[in-house]
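Visitor: Build the 3D model from these lines:
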Amino acid sequence: MFSTFTTGIDGLDAILGGGVRFPTDSAAFMFITGETGAGKTLLGLELLTRAWWNDDEGGRTFLFYSIEQSPKDLHKKLAQDFGNFFGAPNPIEMVEGESPHKMAFDTEAKNGGSNRLILTQAAPAGSGMSEQRGFKVDLDWIKTEISNYLRAQDIGMVCMDNVGLLLNDLDYYDKRAALVNTRHELLRNKIHSIFILEEPIGKSPHFPTPEELSTDIMLNLSFEDIGNFKSRIFEIQKARHQYYYRGKHQFSIAGRDLNRELYLGARGERGPGVHIYPSVAAQLSIVRDSSKLQVPPRGKDPIPFTTKELAEAFDEGEGPVRLSSTVILAEPGTRYTIFALRFLAEGVKLGEQGLLVSTKEDEDAVHRICLQSDMLENLTEGEEFTELFRLLYLHPEFLSAGKFLSDIQRMIAPGPDGDSPIERLAFDNVFQLHRRFPLLTGQSFLIPALLDLLRYREVTPLFVDLVPQSEGQLQVDPSLYLSTFDNVIHLFLRDEEERIRPYARILKSVGNEYIRRPFPIA
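Guide: Prediction:
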């Protein structure tokens with residue numbers, strides 16, 4: 001039998017299929033490896049402190065051993081940059097101690113007991129470090145101290161930072177034996193453990209490292225150059241007892257004082273600490289697995305769409321249905337934003353929650369557009385938007401495709417205050433999206449993936465893309481749109497007797513009969 005504990009870190013539990021899985025009569029043993037400065041220590045510290053103040057049992061100790069950083073420095077990092085220990089819900093009390101190399105903190109457990117966190121600086125024996133900087137220890141010394149702590153109360157988790165410095169004087173086989181023996185001893189006492197290690201130098205791709213052979217879960221943090229931007233990369237290299245979503249995923253580290261009023265972007269985190277964003281492929285797999293591959297069925301009856309003229313272009317009783325996807329190929333000057341807003345306004349009439357995602361119009365501009373059109377009056381209430389209409393203006397950002405899709409899914413989900421989930425989404429517009437989001441360069445799969453995710457989330461989407469002006473003759477290859485969307489509509493301008501009028505033409509509509517010729521629209 002297996003048990004699972006959740007980490008509480010955005011994205012990590014999703015990639016692990018719910019959390020860290022371990023045998024019920026044992027515990028989890030994890031290695032965090034990676035490049036210098038990638039965030040290994042912070043991830044290990046966050047995993048430990050979240051486990052500490054989320055622990056239900058009470059009366060347990062959580063230990064963090066650091067080779068390089070003093071307890072005071074670690075405490076300042078937690079308190080000043082990341083709130084009170086990553087937003088711990090219960091009061092935290094510092095315990096007075098005599099050693100300058102140790103700091104202890106108590107917090108109430110959910111059952112009313114008390115859990116203790118102890119930060120220790122340990123200088124490795126034989127390193128030549130001054131006695132003033134910490135205890136001179138090795139791995140056996142730490143194991144002995146853990147045994148002493150066990151005599152007082154149970155230990156929930158142990159994290160050892162930069163454990164490689166404790167094993168420098170050992171060869172490959174002795175290092176492997178030391179790690180395996182430590183693992184067996186910790187697991188025998190049912191202690192979850194995290195060892196943090198700098199990326200081994202000269203690692204052979206054909207010869208596993210001692211750390212890889214001795215651990216249950218191996219997490220790797222690194223950097224990847226994308227253009228002139230260095231992106232943080234997270235990868236699960238091994239997970240012995242569970243299925244996990246493979247591949248490279250982006251992650252970020254957020255501080256306490258970031259502006260989280262923004263819904264999308266590098267500043268739009270839900271809280272301080274580490275945030276992991278599953279890759280596009282992983283997000284598709286996660287949503288499909290969670291739904292057991294049961295795709296929500298499209299509707300059977302046509303939905304109120306946009307203009308009266310467009311509805312009349314379909315045979316009676318036919319037209320775009322619920323959960324069908326639509327793209328508007330709009331030429332310059334066709335006022336396509338109003339077209340997208342009318343799609344949402346028709347949903348508001350039915351009591352549906354709508355979201356406009358805009359890459360060009362901010363809140364003030366959209367509000368003015370709504371006030372100038374009688375057809376959009378139900379989107380506003382005085383100086384505010386109606387509760388059934390939400391707007392997201394996309395600021396230019398250096399963010400990955402994984403974060404882009406993660407944030408979109410967050411926005412369409414029910415809000416923490418009980419907001420209704422989004423039922424209609426209009427994206428205005430997706431033309432050269434990588435110019436606002438440089439890290440999306442080459443992400444041609446992004447839009448099809450987003451459409452699939454919206455279908456699973458039961459959202460009816462309408463996208464706007466720009467095409468060259470041509471007075472009705474489409475100047476782009478429509479095959480990509482025809483193979484991706486259920487409904488494809490061309491919006492253009494035509495010069496009629498010294499008057500320029502907007503026209504539309506339906507290029508595709510799955511399961512519907514429609515007129516093939518262009519027709520004028522209001």
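Visitor: How is Glu316 assigned, secondary-structure-wise?
Guide: coil (DSSP: H, G, I helix; E, B strand; the rest coil).
Visitor: what's the neighbour count on it?
Guide: 8 (other Cβ atoms under 10 Å). Placement of C-beta: from N, CA and C, glycine included.
Visitor: the helices in the stretch 101-250 of the chain, which residues?
Guide: All helices of the stretch 101-250 of the chain, identified by DSSP state H, counting those that start in this stretch, fall at 139-152, 172-188, 210-214.
Visitor: got it, and the chain?
Guide: 12-15, 40-54, 71-76, 139-152, 172-188, 210-214, 280-290, 308-312, 336-349, 363-372, 401-412, 446-456, 479-484 (DSSP state H).
Visitor: now those in TSV, with distance to Arg390, mean pLDDT and mean neighbour count?
Guide: Listed next are the helices of the chain as TSV, based on distance: least, Cβ to Cβ, whole Å; pLDDT from 0 to 100; neighbours: other Cβ atoms under 10 Å:
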stretch	distance to Arg390	mean pLDDT	mean neighbour count
helix 12-15	24	94	22
helix 40-54	31	92	23
helix 71-76	39	90	16
helix 139-152	51	90	14
helix 172-188	48	88	16
helix 210-214	46	78	19
helix 280-290	21	94	18
helix 308-312	24	91	15
helix 336-349	9	95	22
helix 363-372	10	92	14
helix 401-412	8	89	22
helix 446-456	15	95	19
helix 479-484	25	93	14
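Visitor: Just send those back as CSV, with distance to Phe437 too.
Guide: Output for the helices of the chain, formatted as CSV (distance: least, Cβ to Cβ, whole Å):
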stretch, distance to Phe437
helix 12-15, 22
helix 40-54, 25
helix 71-76, 35
helix 139-152, 45
helix 172-188, 42
helix 210-214, 35
helix 280-290, 13
helix 308-312, 31
helix 336-349, 19
helix 363-372, 20
helix 401-412, 7
helix 446-456, 10
helix 479-484, 19
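Visitor: for those, which one sits closest to Arg298?
Guide: Nearest to Arg298 among the helices of the chain is helix 446-456; the distance by Cβ to Cβ comes to 8.4 Å.
Visitor: contacts for the closest one?
Guide: For helix 446-456, the external contacting residues (Cβ atoms under 8 Å, 6 or more residues apart in numbering) are 280, 283-284, 287-288, 291, 295-296, 323, 325, 401, 404-405, 408-409, 412, 425, 430, 433, 440, 460-461, 463, 484-485.
Visitor: quick one, it and helix 401-412 angle?
Guide: Compare the direction of helix 446-456 with that of helix 401-412 by axes from the mean of the first three to the mean of the last three Cα atoms, to 10 degrees and you get 30 degrees.
Visitor: now helix 446-456, how far from the centre of its chain.
Guide: 16 Å (Cα atoms, centre = their mean, to the nearest Å).
Visitor: low pLDDT regions in this structure?
Guide: 98, 124-136, 200-208, 257-268, 415-419, 471 (pLDDT under 70).
Visitor: any idea which residue sits dead centre in it?
Guide: A centroid search over the chain (Cα atoms, centre = their mean) returns Tyr277, at 3.4 Å, as the residue closest to the centre.
Visitor: wait, what's in contact with it?
Guide: Taking Cβ under 8 Å, 6+ apart as the criterion, Tyr277 is in contact with 10-11, 249-252, 400, 402-403, 406.
Visitor: circling back: may I see the helices of the stretch 101-250 of the chain arranged in TSV, with distance to Asp315 as well?
Guide: Compiled in TSV, those are given as follows (distance: least, Cβ to Cβ, whole Å):
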stretch	distance to Asp315
helix 139-152	75
helix 172-188	68
helix 210-214	63
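Visitor: Can you check which of the ones you listed gets nearest to Ser373?
Guide: When these are compared by Cβ to Cβ, helix 210-214 sits nearest Ser373, at 61.9 Å.
Visitor: helices or strands next to the closest one in the packing?
Guide: Applying 3 or more Cβ pairs under 8 Å, 6 or more residues apart in numbering; DSSP states H and E, we find helix 210-214 packed against strand 29-34, helix 172-188.
Visitor: Okay then, goodbye and thanks.
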